[in-house]
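In: Sharing a sequence plus its predicted fold:
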Amino acid sequence: MQRIPIYQSKPGMVLAKEVRKEDDDISPPICGKGIVLTESLLSRLERMGIQALSVEGHPVKEEGDKTVDELLLALDKRFSKVMDDPIMIKLKDIYKETIIKSMEGQNAGPAN
């Protein structure tokens, strides 16, 4: 999931969270989670004053963002001293799956 300014959103992106008026967390949702963004929906949200959206994956690369490969390499390095522990290997695999899922939309090299 990535939170991006509405001006960086594109038709076809999928909402990862409900959209609500930004100054009112208890108001009813404007759009539900899982909705595919369209040009007309984005225009309507902009007219309503919505500034940012949470979308699935990580579709927008920002300055300083690491690639999937860089994140997985750092994970390998962090766990390198405990690879003989089955519990730590399982924990590493959980983190790896989480990283890959959260960075959908970015290209990754072969998985280790």
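Out: The structure has been received and is ready for your questions. Residues are numbered from 1 along each chain as shown.
In: Local confidence estimate at the most far-flung residue of the chain relative to its centre?
Out: In the chain, counting by Cα atoms, centre = their mean, D84 sits farthest out from the average C-alpha position, at 31.5 Å. As predicted, D84 sits at a pLDDT of 95.
In: How about the worst-scoring helix or strand of the chain on mean pLDDT, which residues are buried there?
Out: Between all helices and strands in the chain, the lowest mean by mean pLDDT, DSSP states H and E belongs to strand 2-5, at a mean of 88. Judged by neighbour count using 16 or more other Cβ atoms under 10 Å, the buried positions of strand 2-5 are Q2, I4. From N, CA and C alone the C-beta is placed, and that goes for glycine too.
In: Give me the residues contacting it.
Out: Contacts to strand 2-5, defined as Cβ atoms under 8 Å, 6 or more residues apart in numbering, come from residues A16, Q51, A52, L53, S54, V55, G57, H58, P59, V60.
In: and the least confident of those?
Out: Scoring the contacts of strand 2-5 by pLDDT puts P59 last, at 73.
In: residues in contact with it?
Out: With Cβ under 8 Å, 6+ apart, P59 has these contacts: Q2, I4, K10, M13, G105.
In: domain parsing for this protein?
Out: Following automatic domain parsing, one finds the domains of the chain at 2-55, 61-112.
In: Which secondary structure elements does the lengthiest helix in the chain sit against?
Out: The helix that spans the most residues within the chain, counting by DSSP state H, is helix 86-102. Secondary-structure packing of helix 86-102 (3 or more Cβ pairs under 8 Å, 6 or more residues apart in numbering; DSSP states H and E): helix 68-79.
In: Run the angle between the helix it packs on and helix 86-102 for me.
Out: Following axes from the mean of the first three to the mean of the last three Cα atoms, to 10 degrees, one obtains 160 degrees for the angle between helix 68-79 and helix 86-102.
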